[in-house]
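> show me the folded form of this:
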Amino acid sequence: MIDRVAPRAISSLQNETVKLIRSLDMRKARRETGLFVAEGASVLLTARDCGWAPRMLVSGPDAPASTAFAALRAWAAASAADHLDVTAAVLEKIAAKENPQSLIGVFEQRWAALPVVDTDQARQSVWVALEEIRDPGNLGTIIRTADAAGVAGIILVGNTCDPYSREAVRASMGSVFAVPIARADHAGFVTTARSWPGDVVGTHLRGTRDYREANYDRPVLLVMGNEGAGLSDALSEVCNELVRIPMIGRLDSLNLAVATALMLFEIQRPILRSSRA
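Predicted structure coming up:
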């Protein structure tokens, strides 16, 4: 648990709160505490705008005396969060090794329920299912892309990497606060997919239709396989449509985040076109 009576100024690396924040680099600690770390003023402002409340706000000695910083301090205070001013040495230990930020937030993880498409609005939605995705950078990029494309949510199927890892959160550029994320084992996902009222679409080398030629009857459930093995037989069998992304080069596959982006923006093309009006 976070020590809410810890001193405002912290200079010791042995402080229990500092140890807790450092431990959140490990998935085991994130799982046990239900907490995660996000860095940078712009990411924290996104969290605020999406209705999240921090458990802690940490500022280093180089934190900017800006309007944004003042707004974040007020947000932390309104959320009854700890606000800790730490020394450069402490910040160095708890911030990312590459491009460290002087503002850090600690948040409680949120996990959405599996979708129930029972309203008119939900029947127009798009969900993405990712089977056993392994790369947190890919996952964060997909979360960011899903946010940009107006996707209703993401389902992580099976043994996947952690969307609340530092790498995934950073790659999402704050979209982890905007996109609902659910998780399911294979059996639970198959049950959801089999009762899905719209198209369940997967990308597969066996696909016979160009992804640009499919109709995508809503609500759409897009199912993407993992980086190495692609879509499993079990999940490809619950898809009513398997499509392919044509390629003319030597390779027969794309990076998962790139392939997911192509699919999402094609599925959302009618909506994106109308949004220009």
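> now the helices for the stretch 1-150 of the chain?
Along the stretch 1-150 of the chain, counting by DSSP state H, counting those that start in this stretch, helices occupy 16-23, 27-33, 41-49, 67-78, 88-94, 136-149.
> okay if I get these as TSV plus mean pLDDT?
As requested, the helices of the stretch 1-150 of the chain are arranged in TSV below (pLDDT from 0 to 100):
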stretch	mean pLDDT
helix 16-23	95
helix 27-33	98
helix 41-49	96
helix 67-78	90
helix 88-94	93
helix 136-149	97
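> among those, which is nearest Leu114?
helix 136-149 (16.2 Å; Cβ to Cβ). Using the backbone N, CA and C atoms, a C-beta is placed for each residue, glycine as well.
> got a list of contacts for that closest one?
By Cβ atoms under 8 Å, 6 or more residues apart in numbering, the list of residues contacting helix 136-149 from outside reads 126, 128, 130, 133, 153-154, 160-163, 165, 167-173, 175-176, 178-179, 181, 227, 255-257, 260-261, 264-265, 267-268, 272.
> please repeat the previous calculation with a cut-off of 6 Å.
Contacts of helix 136-149 with the rest of the structure, by Cβ atoms under 6 Å, 6 or more residues apart in numbering, involve 128, 133, 154, 161, 163, 165, 167-168, 171-173, 175-176, 178-179, 256-257, 260-261, 264-265, 268.
> what lines up beside the helix or strand following it in the sheet?
With elements assigned by DSSP states H and E, the helix or strand that comes after helix 136-149 is strand 153-157. Here strand 153-157 is paired, per DSSP bridges, with strand 126-131 (parallel), strand 181-184 (parallel).
> deepest of those strands, which one?
Each of the strands paired with strand 153-157 was scored by mean neighbour count; the highest is strand 126-131, a mean of 25, by mean count of other Cβ atoms under 10 Å.
> quick one on the thing from earlier: can you lay out the helices of the stretch 1-150 of the chain as a markdown table showing mean neighbour count and distance to Ser232?
Shown next, in a markdown table, are the helices of the stretch 1-150 of the chain (neighbours: other Cβ atoms under 10 Å; distance: least, Cβ to Cβ, whole Å):
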| stretch | mean neighbour count | distance to Ser232 |
| --- | --- | --- |
| helix 16-23 | 18 | 34 |
| helix 27-33 | 13 | 23 |
| helix 41-49 | 19 | 33 |
| helix 67-78 | 15 | 43 |
| helix 88-94 | 17 | 38 |
| helix 136-149 | 23 | 17 |
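> now render these as CSV, adding distance to Arg212.
Listed next are these as CSV, based on distance: least, Cβ to Cβ, whole Å:
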stretch, distance to Arg212
helix 16-23, 46
helix 27-33, 38
helix 41-49, 32
helix 67-78, 41
helix 88-94, 46
helix 136-149, 16
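> can you get me a residue count around Phe177?
23 (other Cβ atoms under 10 Å).
> between the strands paired with strand 153-157, which gets nearest to Arg73?
Of all these, it is strand 181-184 that lies closest to Arg73, at 28.1 Å by Cβ to Cβ.
> if anything else comes up later, I'll come back, but that's it for now.
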